[in-house]
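Novice: When you get a sec, could you give me coordinates for this:
(one chain, ligands or ions: 1)
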Amino acid sequence: MNISENIKKFKDDLPDDVTLIAVSKTKTVDDLLEAYEAGHRQFGENKIQEMTDKWEKLPKDIEWHMVGHVQRNKVKYMAPYVSLIHTVDSLKLLKEIHKEADKNGHCIDCLLQIKIAEEDSKYGISAEKAKEILDSEEFKKLDHVKVKGLMGMATFTDDEAQVKKEFEHLKSVFDDFKEQYSNMNILSMGMSGDYKIALDCGSNMLRIGSDIFGERD
Ligand SMILES: *Cc1c(COP(=O)(O)O)cnc(C)c1O
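Specialist: Okay, here's the model as predicted:
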């Protein structure tokens, strides 16, 4: 199977209300172009420098999604063009994104990353912390950022029951947030190894890397 066939297969199989993000980190511009020529326009990267290099070289109708951990001092490099930042985990970071979006004269869409996995290594915040941010007076003043939903990564394990439990938990947090806050309509969960479970649990945005582009070195 090649990249364009993989893209077509995902498009055919996924429900219309599920957005596919092709996670292209470490892959070449030619690999991305192959997906682009198959009609794909949403790409995800985890490093700002790499994403910016690719943005400069590729067609400008691509939507760029930041799915990696974000350092505040690098927000300025992606602020002119980024479409959605999936990994926001602090008010400080939101303030920085707001500042850089303001400089560029637009608004940047974000997701809050909720920690659902058991491993300590995963980034993200608790649902309580996320509410604290959204309820704060400081956040309400940030008119150049829009929090449009939540993102989470399940534990890396073969134990499907564990993964399902974590995704179900995130879905219930999402449903709760949807009721309490406006603009909440994106639930980004599911990668190559666990997207089927994520879909069953109500995901509407998948971040797929190796199932589209092949294994990374
Ligand atoms: C790399 C990455 C993905 C895609 O991983 P695959 O297992 O290759 O599908 C999804 N989400 C995040 C946050 C990633 O860093």
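Novice: Can you report how many residues lie near the closest residue to the ligand within the chain?
Specialist: Nearest to the ligand in the chain, going by Cβ to the nearest ligand atom, is Gly209, at a distance of 2.6 Å. From N, CA and C alone the C-beta is placed, and that goes for glycine too. For Gly209, the neighbour count with other Cβ atoms under 10 Å is 21.
Novice: Could you verify my assumption that it touches Val23?
Specialist: Yes: Gly209 is in contact with Val23 according to Cβ atoms under 8 Å; the separation is 3.6 Å.
Novice: what is in contact with those two at once?
Specialist: Common neighbours of Gly209 and Val23 (criterion: Cβ atoms under 8 Å, 6 or more residues apart in numbering): 44, 191.
Novice: per-residue confidence at the nearest residue to Ile125 once chain neighbours are set aside?
Specialist: Of all residues not flanking Ile125 in the chain, Asp89 sits nearest, at 5.0 Å (Cβ to Cβ, 6 or more residues apart in numbering). Predicted confidence (pLDDT) for Asp89: 97.
Novice: Would you agree Asp89 is in contact with Cys110?
Specialist: No: using Cβ under 8 Å, Asp89 is not in contact with Cys110, being 10.3 Å away.
Novice: out of those two, which sits in the more crowded spot?
Specialist: Legend: neighbour count by other Cβ under 10 Å for Asp89 and Cys110, higher for Cys110 (27 against 20).
Novice: looking at this, that one is in a helix?
Specialist: No: assignment of Cys110 by DSSP: H, G, I helix; E, B strand; the rest coil gives strand, placing it outside any helix.
Novice: what does the chain have sitting close to the ligand?
Specialist: With Cβ under 6 Å from any ligand atom as the criterion, the chain meets the ligand at residues 23, 25, 46, 67-68, 153, 191-193, 207-211.
Novice: what ranges do the helices span in this protein?
Specialist: 3-13, 29-37, 48-57, 75-78, 91-103, 127-135, 137-140, 160-180, 195-200, 210-213 (DSSP state H).
Novice: buried ones in the fourth one?
Specialist: Within helix 75-78, the residues that count as buried by 16 or more other Cβ atoms under 10 Å are 75, 78.
Novice: mind checking how far it is from the chain centre?
Specialist: 16 Å (Cα atoms, centre = their mean, to the nearest Å).
Novice: now the last one
Specialist: Helix 210-213 has its C-alpha centroid displaced from the chain centroid by 16 Å (Cα atoms, centre = their mean).
Novice: what pairs with the closest residue to Phe10 other than its chain neighbours across the strands?
Specialist: What sits nearest to Phe10 in space, not counting adjacent residues and going by Cβ to Cβ, 6+ apart, is Leu20, at 5.4 Å. With DSSP bridges as the criterion, Leu20 is bridged to Leu206.
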